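Chemist: Task: produce atomic coordinates for the following.
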Amino acid sequence: MLKAFVDANVIVSVLNKEYPLFTYSSRVLSSGSLKGVELYTSPLCLAIGFYFATKKSGKQMAKQKLALIYEHLSIAKIDKAAVNKALLNPKVQDVEDGFQYYAAVEAGCKCIVTENLDDFYFAEIPVLSSEQFLKTYIFK
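Modeler: Predicted structure coming up:
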């Protein structure tokens, strides 16, 4: 079973149909329906996605879109352990990225899918763009 963590920017690109990224990010999210692939995100990523989707679509439509995407995702917890690890790791400069990373690790994710690869410079698991994820794990 491949468990992968989907970062907020991938979700935002799908919610707002941001091209050319949408071509890859939408396929990443749809890969969650494949046998042997389980996609995770955090409540914080969903909230970030909702915020940016409301700017383009309004609150009601953003909520509907988010509900559709949510069906294909499992939720990684940002619990006390994840927060503690992010705060105590001297390499983590942006705590939000640290929270996401440790939530992913604690959920057993083998990689992080993001378009901001540099945000996870401290990661000890692979950090891939949507395109890299698809080439590495889905269309191999």
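Chemist: Could I get the contacting residues of A104?
Modeler: Counting by C-beta atoms under 8 Å, 6 or more residues apart in numbering, A104 makes contact with F5, Y40, A76, I112, I125. From N, CA and C alone the C-beta is placed, and that goes for glycine too.
Chemist: I figured the fourth one hits F122, correct?
Modeler: In this case it means I112. No - under the criterion of C-beta atoms under 8 Å, I112 lies out of contact with F122, with a separation of 11.3 Å.
Chemist: Between these two, which is the more surrounded one?
Modeler: I112 (25 against 16; other C-beta atoms under 10 Å).
Chemist: picking up where we left off before, shared neighbours of I112 and F122, anything?
Modeler: Shared contacts of I112 and F122, counting by C-beta under 8 Å, 6+ apart, come down to Y101.
Chemist: helix or strand for K17, which one?
Modeler: For K17, there is no helix or strand it lies in under DSSP states H and E.
Chemist: That one: neighbouring residues, count only.
Modeler: A count of nearby residues for K17, using other C-beta under 10 Å, gives 13.
Chemist: and if you look at F22?
Modeler: Residues lying near F22 (other C-beta under 10 Å) number 15.
Chemist: and if you look at the one 3 residues further on?
Modeler: Here the neighbour count serves as a burial measure; for S25 (other C-beta under 10 Å) it reads 27.
Chemist: Next, give phi and psi for the residue nearest to L44 when sequence neighbours are not counted.
Modeler: Taking C-beta to C-beta, 6 or more residues apart in numbering, and ignoring the residues beside it in sequence, L44 has I78 as its nearest neighbour in space, at 6.1 Å. Dihedral pair for I78: phi -100, psi 90, per degrees, to the nearest 10.
Chemist: try F5
Modeler: The phi and psi torsions at F5 (degrees, to the nearest 10) take the values phi -100, psi 130.
Chemist: Thanks again, I'm all set now.
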